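In: Sequence first, then the predicted structure, then my questions.
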Amino acid sequence: MALDTTQPGLATTVAALRPRSWKLGAGQPMQALDQFSAADFTHIVDDRADVHVSSRNGRFYLGYFPNGRPGGADEDWVTGEGWVIAVTGTASVPGYRMSFGTETPAEIIAGVVAQILATSQPL
């Protein structure tokens, strides 16, 4: 980035900033959901059209909430949650949980899911 030290503040050019276009918008959730086989995962669609996917042993969970995850009056923060992914730990290693907003591109979620599935191993 080119800086002009004779003037106070930061001076640069648009080219030096390297503008980018970023993937935005929720996209198609099936990009993420289609990765789960019926043989290895349970799929449930509830009365709100939320989708819940869990591994047969219950250690993996993915929830897709197109209108935000429901919460009580004291839990308004969950209403913007569109995706929840959780893996239960073991007696010696803790699990993890991650969540993404309703407008997180499904392609991003699909990439996360693919990475998680690639690291899982049958026991």
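Out: Received the coordinates, thanks.
In: alpha carbons only for contacts and neighbour counts from here, please
Out: Noted.
In: Am I right that P19 sits in a strand?
Out: No. P19: not assigned to a strand; according to DSSP: H, G, I helix; E, B strand; the rest coil it is coil.
In: Now do it against E103, distance only.
Out: Taking Cα to Cα, to the nearest Å as the measure, P19 falls 22 Å from E103.
In: Check N67 too.
Out: Taking Cα to Cα, one finds N67 at 10 Å from E103.
In: which neighbours do the two share?
Out: With contacts defined as Cα atoms under 8 Å, 6 or more residues apart in numbering, the residues shared by N67 and E103 are G82.
In: ok, then the element right after the worst-scoring helix or strand of the chain on mean pLDDT?
Out: Here the helix or strand of the chain ranked lowest by mean pLDDT, DSSP states H and E is helix 14-17, holding a mean of 78. Once helix 14-17 ends, the next helix or strand along the chain (criterion: DSSP states H and E) is helix 30-33.
In: coming back round to it: which one of P19 and E103 is surrounded by more residues?
Out: Legend: neighbour count by other Cα atoms under 10 Å for P19 and E103, higher for E103 (17 against 8).
In: For that one, which residues are in contact?
Out: L24, G25, A26, G82.
In: can those go into TSV with extra columns for distance to D47?
Out: Shown next, in TSV, are the contacts of E103 (distance: Cα to Cα, whole Å):
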residue	distance to D47
L24	28
G25	24
A26	21
G82	16
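In: Give me the buried subset of the residues you listed.
Out: Buried subset of the contacts of E103 (neighbour count, 16 or more other Cα atoms under 10 Å): A26, G82.
In: Report the distance from the top helix by length along the chain to the chain centre.
Out: Secondary structure of the chain per DSSP state H: the longest helix is helix 106-119. In terms of Cα atoms, centre = their mean, to the nearest Å, the gap separating the centre of helix 106-119 from the centre of its chain is 9 Å.
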